[in-house]
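Undergrad: I'd like to go over a predicted model; first the sequence, then the structure.
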Amino acid sequence: MSTPHPSLGSPLAERRRLGPVKALLAALALVVAVVATMLPIIASDTMALGLFRHPLLAIAALAGVIVLAPYLLRFLQGPPAMLALVAVSYAMAFALIRIAGGYPGQAASGFWAYVFVAWALAWLSVEEMAALTPRGAVWKRLLALAIPLTFGAWLLILWQVLVVGFAVPKVLLPPPSDIWVRLLTSPAVLWADFRQTFLKGVLVGYAIGCGSGFLVAILVDRVPFLRRGLLPVGNLVSALPIIGVAPIMVMWFGFDWPSKAAVVVIMTFFPMLVNTVTGLAAADRMQLDLMHTYAANYPQTLLKMRLPMAMPFVFNALKINSTLALIGAIVAEFFGTPIVGMGFRISTEVGRMNIDMVWASIAVAALAGSLFYGLVTLVERAVTFWHPSVRG
Amino acid sequence: MTIEAAAASPARSPFAGLMQGTAGPVLVVIAAIIAVWYLAAVLLNAPFQRDIYKRGGVEDAPLVQLVADTLSQERPVLPAPHQVAVELWDTTANKAVTSKRSLVYHGGITLSSTLLGFVLGTALGIGLAILVVHSRVLDKSLMPWVISSQTIPILAIAPMIIVVLNAIGISGLLPKAMISTYLSFFPVTVGMVKGLRSPEAIQMDLMKTYSASPAQALWKLRLPSAMPYLFASMKVGVAASLVGAIVGELPTGAVAGLGARLLSGSYYGQTVQIWSALIAAAVLAAALVALIGMAERLVLKRMGMRR
């Protein structure tokens, strides 16, 4: 498990055995890569040895064999193996995407064989990445980022290759390349939707909902009677499908963004209330007694001790709410909206069978949601720097 | 607690005792909510009622009549609680269960896709968690995506799934259940990964000294100790899967189900219908969560985890 460093000492003495799953996968990939040279890559390849009509793929396949054989025999291991596997797998993916794009729907057995080989190479490269134990903190951080990114990239590559290779109708599932093109060609529409849904509906509702939940929680905390009464009710309401108030809010506040903001307010209020009340109870007897010995009055105790101690809970609610808010605003738009907004775009473009536009909207929503969440997390790390989960 | 309570209220009237626990305050809060609801109903419905009076030529109707009328409008801005209660009673007890106007019928349709989606989602979540716990590659590559996928508004793709699956001839229960599955498997995966890792190192070491295989360690140690986590995440999952089922009913255009009742109510301005569907959905959610809570108590008691 803990060899000092792969580059130290003679490589033969350092040879580590390949795990059974890795060995099986690598051997299978090697065999398939060799055998598939005799299979037709696309349907119109009449002769066997179809591979040689596609030089790019041929080179990638050759490189794959050159990497896999020494990898299996353990002449190639550690970081060099990882880099070689990454390079070859992406080269093969590039070649496959090119071929699939050139002959849509004509992919034959050899093509799919190389899809398998490329996937196996990528899987092995991730295995090697996961086995690395870098020294520096920066390298560690980079590696922790690279592994999921590789996984995501291969999800997209397989999506692209499978959808184009099998010529799946675009109304069912467009390939990622189409969605990317759509993102690039219609930024004006997507920006208008984003502004309507996110900058107006979500942000305003989020601010009002979280703010009022926070303030009410402080009030409730002052009155033990209310705390005992409201907390079970708030917990119950948090589990209810509050999204159902959307049609009512659309009736009350009209089609434009205020009705969406209202839905967001209701959805975000209760998680904030429940979490803040719980957080304000987080201070224990000893700490309260300490504040008491300092002759601190209620506002001082609240500001200097109990609110800071409640911050992890408050940020938990802020994080939950950042997702809920976006969902609330988008679903509320299904019930009626002016002719702009992400929810409107999704529901109308589905009706018009422009599925690539729908996916582009979803990509924007996903990006907005993740960035919003990430932003809240960053603020959380800055505010609750003292908490064990942040100090690590 | 009880001693403290007794000390705090030397008078010990039964009323004071009631207010010390949670039952009393909860009842008071609920009563306050209903009172506010009535007040809001009167205030919100009054402008329209004044309009009716003006058109009907009724001069200065007494306040009592105004209040009574605002609480019994056909399509109020905000229906009064008793109107919703009457509508609920009407559409559940007074209609045949098979009737399209019965809320039980619609609730049943939503419930069936909720449960199917929830069962599929829970199974998928547990399976995925077991894989993640046993494979370092999946743990490092898949888990970040599972977690970050919670930041993505998944519900947004609901209409697309429904319409696209309809286009290739799959309709009815399954598309809606798929949305529920999608929503409910995330909490279960995250909770179960935490749960399956909850045995302490010393316990895992003990399994190793018994030369237990990974499968045996899973069956005899990891799964039992993950039970509390499973139930906690199942409660979140079932609520999410009901939301998924309701939202999944929207794009098919008001055919059947609680979501369809919401949509048709919003098309035709039937506010009482919307509110009754909403209350029915709330009752359903509370019942499902309570049911899982009961199962949790039973199972954990059987397994000796409950003190």
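TA: Ah, there it is. Note that this is a predicted model, so its numbers are computed, not measured. Numbers count the residues shown, from 1 in each chain, chains lettered A, B, ... in the order given.

Undergrad: quick one, domains of the chain?
TA: All of this is about chain A. A:11-168, A:182-391 (automatic domain parsing).

Undergrad: look at chain B instead
TA: Listed domain ranges for chain B are B:2-78, B:103-302 (source: automatic domain parsing).

Undergrad: Mind putting these into TSV with distance to residue A:143 and mean pLDDT?
TA: Glycine gets a C-beta too; all of them are placed from N, C-alpha and C. Converted to TSV, these look like this (distance: least, C-beta to C-beta, whole Å; pLDDT from 0 to 100):
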stretch	distance to residue A:143	mean pLDDT
domain B:2-78	49	73
domain B:103-302	9	85
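
Undergrad: okay if I get those as a markdown table plus distance to chain A and mean neighbour count?
TA: Compiled in a markdown table, those are given as follows (distance: least, C-beta to the nearest C-beta, whole Å; neighbours: other C-beta atoms under 10 Å in any protein chain shown):
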| stretch | distance to chain A | mean neighbour count |
| --- | --- | --- |
| domain B:2-78 | 3 | 13 |
| domain B:103-302 | 3 | 20 |
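
Undergrad: closest to residue A:183 out of these?
TA: Distances from residue A:183 to each of the domains of chain B were compared by C-beta to C-beta, and the smallest falls on domain B:103-302, at 15.6 Å.

Undergrad: Could you tell me the end-to-end distance of that closest one?
TA: With C-alpha to C-alpha, to the nearest Å as the measure, domain B:103-302 spans 37 Å from end to end.

Undergrad: Pipe the domains of chain A into CSV and attach mean neighbour count per row.
TA: Output for the domains of chain A, formatted as CSV (neighbours: other C-beta atoms under 10 Å in any protein chain shown):
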stretch, mean neighbour count
domain A:11-168, 18
domain A:182-391, 20
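
Undergrad: picking up where we left off before, what's the closest of the domains of chain B to residue B:94?
TA: The closest approach between residue B:94 and any of these, judged by C-beta to C-beta, belongs to domain B:103-302 at 10.4 Å.

Undergrad: re the thing from before, between the domains of chain A, which gets the lowest average pLDDT?
TA: Ranked on mean pLDDT, the bottom entry among the domains of chain A is domain A:11-168, at a mean of 83.

Undergrad: How about that one and chain B, touching?
TA: Yes. With C-beta under 8 Å from any C-beta of the partner chain as the threshold, domain A:11-168 lies in contact with chain B, specifically through A:123, A:126, A:127, A:129, A:130, A:131, A:144, A:147, A:148, A:150, A:151, A:152.

Undergrad: Which pair of the residues you listed spans the longest distance?
TA: A:131 and A:152 (20.1 Å).

Undergrad: Quick check: nearest residue in space to residue 122, chain neighbours excluded?
TA: I'll assume chain A. In space, not counting the residues next to it along the chain, residue A:122 is nearest to residue A:89; the distance is 4.2 Å by C-beta to C-beta, 6 or more residues apart in numbering or on different chains.

Undergrad: not what I meant, chain B
TA: In space, and not counting its chain neighbours, residue B:122 is closest to residue B:188: 5.2 Å by C-beta to C-beta, 6+ apart.

Undergrad: so the one you found touches residue B:232, yeah?
TA: No. Using C-beta atoms under 8 Å, residue B:188 and residue B:232 do not qualify as a contacting pair, with a distance of 10.0 Å.

Undergrad: residue boundaries of the strands in the stretch 151-300 of chain A?
TA: With DSSP state E, counting those that start in this stretch applied, the stretch 151-300 of chain A shows no strands anywhere along its length.

Undergrad: Helices of that one, residue ranges please.
TA: Counting by DSSP state H, counting those that start in this stretch, one finds helices in the stretch 151-300 of chain A at the ranges A:176-185, A:187-194, A:203-222, A:224-239, A:246-253, A:257-280, A:285-293, A:298-301.

Undergrad: Could you list the residues in contact with the first one?
TA: Residues external to helix A:176-185 that are found in contact with it (C-beta atoms under 8 Å, 6 or more residues apart in numbering or on different chains): A:101, A:156, A:159, A:160, A:170, A:190, A:356, A:357, A:359, A:360, A:363, A:364.

Undergrad: ok, which residues in the stretch 201-350 of chain A are in contact with chain B?
TA: Looking at chain B, the residues of the stretch 201-350 of chain A close enough under C-beta under 8 Å from any C-beta are A:225-226, A:228-230, A:232-233, A:236, A:239-241, A:243-248, A:250-252, A:322-323, A:326-327, A:330-331, A:334-336, A:342-343, A:346-347, A:350.

Undergrad: wait, what's in contact with the residue nearest to residue B:122?
TA: Taking C-beta under 8 Å, 6+ apart as the contact definition, residue B:188 lies against B:121, B:122, B:124, B:125, B:126, B:129, B:230, B:233, B:234, B:237.
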